[in-house]
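Peer 1: sequence plus the predicted model coming up.
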There are 2 protein chains.
Amino acid sequence: MNKTILITNDDGIDAAGIKFLISFLRPLGKLVIVAPETGMSGMGHAVTIKNPLRIKHLPNDGDVERYTTTGTPADCVKLGLNQILKQKPDLIVSGINHGGNHSINVLYSGTMAAAIEGAMQNIPSAGFSMCNPNPKIDFSFMESYVQEISARLMKNGLPAGTCINVNFPDTDKPAGVKVCKQSIGYWNEEFDSRLDVHHQPYYWLKGDFIIPEVQEDTDENALKQGFISIVPVTIDLTAHTILDITRNQFQGL
Amino acid sequence: MNKTILITNDDGIDAAGIKFLISFLRPLGKLVIVAPETGMSGMGHAVTIKNPLRIKHLPNDGDVERYTTTGTPADCVKLGLNQILKQKPDLIVSGINHGGNHSINVLYSGTMAAAIEGAMQNIPSAGFSMCNPNPKIDFSFMESYVQEISARLMKNGLPAGTCINVNFPDTDKPAGVKVCKQSIGYWNEEFDSRLDVHHQPYYWLKGDFIIPEVQEDTDENALKQGFISIVPVTIDLTAHTILDITRNQFQGL
């Protein structure tokens, strides 16, 4: 039976990354693209509640169906599943993002929010990202990796409530693939403060990403060593290891 | 030494919930409010990358400093920590949200994104939410709970990379407090499809929240039984329990 794959991203339908992704996945099944009209970087898991959404049906590209929406990546998955596709897809793939989504950046990532939407609906889902944000990079070298990872996801599925976060190191000759944990880091923000033409201040978010210590078996380390990192991601944010500490802390309330 | 508390929310500075929160926390320290100018519900962990941000300094309310920003709740915390406060606050509190943020809704919640920003910076942080979204509800009954939970957070802190998600059941006489796990549910979306005046379709996101089975020791169950739920939340989204399965699945790549 023909497989159906829902494809989205957070850089918008015109980004190079989603075009590579479409070309890689064509041999694997019927593709339906539902992507943001424009770039949606940093949207995290935002959904559109206070405004209505629009869907535009673009001309098919061969047998690839193409839609854009005015929503976020998470909205695109919701609209794809509920308004566009006739049945549950076999796979949801998001990306390929121009810029890494490893470590805690999974929480800011629209690319990964789309995959997490899939996890919530128990559909095998993956987000693919390239650590170099340069939009001109040739992603051709990723083809066999993206195909094989996607094929295995469709064949074996994933446990309920999980998806995978795949990051490519900044090299066209990856050392291989490592399944690993999310590393813990933080952004050291500085904000660039400027004055507008009316002498009023405004602020641009900028910062350096800091990994405070070497964390074995993490995506950060895998990428540094030139490996493609795959982190299995859960929709359960409970800090299970501190449940008892927390119970003690709030006892008697 | 006087404690400093950074307060934000996702319903905007004019929401009733943040006013209750300010009144509850006044006795605990010096309060600095950095909240969105307008409502930001459903923004998840969105951050503003492509546009500059503005900060407005409102008149102080007694010794409470008040600022609004044009950013998301996560932006507000970043701006508060980096542009407004002179030193790290002792506590970050977000809310009180008009609407529940239990179960997987933690992922969509701007309220919780603000607390998670605090967790990323290892500052004790909490998000407070009320399961009934009616903006007119009198939150006075929450006072002692919010004060005691916040005081304990400042006294004992939290393990690195964690914060707490506190939800109040829809009753003014809670049965008590339960520290518990996040339940797993999903949104059954339907979208309300309408035609605009030019006969073009548009879509409003709507849906029912489904909990497929009873999950012991979860926020959903605690709230149903009339308890206030406290879930310790981690910034590590790794699905640790399926690391081995995932390694097998992608072996040989």
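Peer 2: Everything's here; your move.

Peer 1: based on its surroundings, how many neighbours for residue A:46?
Peer 2: Residues within reach of residue A:46, counting by other C-beta atoms under 10 Å in any protein chain shown, total 27. The way it works is simple: take the backbone N, C-alpha and C, and place the C-beta from them, glycine included.

Peer 1: tell me where the stretch 1-150 of chain A has strands.
Peer 2: Ranges of strands within the stretch 1-150 of chain A are A:4-8, A:30-36, A:55-61, A:64-69, A:91-98, A:125-130, based on DSSP state E, counting those that start in this stretch.

Peer 1: got the confidence number for the nearest residue to residue A:2 once chain neighbours are set aside?
Peer 2: Spatial nearest neighbour of residue A:2, excluding adjacent residues (C-beta to C-beta, 6 or more residues apart in numbering or on different chains): residue A:30 at 5.4 Å. We note a pLDDT of 97 for residue A:30 in this prediction.

Peer 1: what of residue A:52?
Peer 2: For residue A:52, the predicted pLDDT is 90.

Peer 1: so who does it touch?
Peer 2: Residue A:52 is in contact with B:194, B:202, B:203, B:204, counting by C-beta atoms under 8 Å, 6 or more residues apart in numbering or on different chains.

Peer 1: how about it, phi and psi?
Peer 2: Backbone torsions for residue A:52, taken as degrees, to the nearest 10, come to phi -80, psi 160.

Peer 1: quick one: it and residue A:10, what's the gap?
Peer 2: Separation of residue A:52 from residue A:10 (C-beta to C-beta, to the nearest Å): 21 Å.

Peer 1: now do residue A:127
Peer 2: Taking C-beta to C-beta, one finds residue A:127 at 9 Å from residue A:10.

Peer 1: any common contacting residues for the two?
Peer 2: In contact with both residue A:127 and residue A:10: A:94, A:97, A:109, A:111, A:114, using C-beta under 8 Å, 6+ apart.

Peer 1: which stretches of the stretch 101-250 of chain A form helices?
Peer 2: Here the stretch 101-250 of chain A has its helices, by DSSP state H, counting those that start in this stretch, at A:110-120, A:143-156, A:219-224, A:243-249.

Peer 1: want to throw these into CSV with mean pLDDT, mean neighbour count and distance to residue A:71?
Peer 2: Shown next, in CSV, are these (pLDDT from 0 to 100; neighbours: other C-beta atoms under 10 Å in any protein chain shown; distance: least, C-beta to C-beta, whole Å):
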stretch, mean pLDDT, mean neighbour count, distance to residue A:71
helix A:110-120, 97, 30, 11
helix A:143-156, 98, 17, 24
helix A:219-224, 96, 22, 28
helix A:243-249, 97, 15, 36
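
Peer 1: right, and the ones you listed - which one's nearest residue B:251?
Peer 2: Proximity to residue B:251 (C-beta to C-beta) singles out helix A:143-156 among these, at 9.5 Å.

Peer 1: got a list of contacts for that closest one?
Peer 2: A:3, A:5, A:20-21, A:23-25, A:27-29, A:90-91, A:93, A:96, A:124-126, A:128, A:164, A:166, A:168, A:174, A:177, A:228, A:230, B:249-250, B:253.

Peer 1: count the residues that sit near residue A:43.
Peer 2: If we define neighbours as other C-beta under 10 Å, then residue A:43 has 29 of them.

Peer 1: for it, which non-adjacent residue is closest in space?
Peer 2: The shortest distance from residue A:43 to any non-neighbouring residue, by C-beta to C-beta, 6+ apart, is to residue A:110 (4.1 Å).

Peer 1: isn't that neighbour up against residue A:8?
Peer 2: No - look at residue A:110 against residue A:8 with C-beta atoms under 8 Å: they stay out of range, at 9.1 Å.

Peer 1: report the set of residues contacting both of those two.
Peer 2: Common neighbours of residue A:110 and residue A:8 (C-beta under 8 Å, 6+ apart) are residue A:73.

Peer 1: any idea how far residue A:42 is from chain B?
Peer 2: According to C-beta to the nearest C-beta, to the nearest Å, residue A:42 and chain B sit 4 Å apart.

Peer 1: can you tell me how far residue A:202 is from chain B?
Peer 2: Using C-beta to the nearest C-beta, residue A:202 is found at 4 Å from chain B.

Peer 1: quick one: contacts for that residue?
Peer 2: Going by C-beta under 8 Å, 6+ apart, the list of residues near residue A:202 reads A:193, A:194, A:195, A:196, B:52, B:53, B:54.

Peer 1: what's the burial count for residue A:122?
Peer 2: Based on other C-beta under 10 Å, the number of other residues close to residue A:122 is 16.

Peer 1: how about it, phi and psi?
Peer 2: According to degrees, to the nearest 10, residue A:122 has phi 60, psi 40.

Peer 1: test my guess that it contacts residue A:161.
Peer 2: Yes - in this structure, residue A:122 is within contact of residue A:161 by C-beta under 8 Å, at 7.2 Å.

Peer 1: pLDDT wise, what is the closest residue to residue A:159 other than its chain neighbours at?
Peer 2: Spatial nearest neighbour of residue A:159, excluding adjacent residues (C-beta to C-beta, 6+ apart): residue B:242 at 5.2 Å. With respect to pLDDT, residue B:242 has a value of 97.
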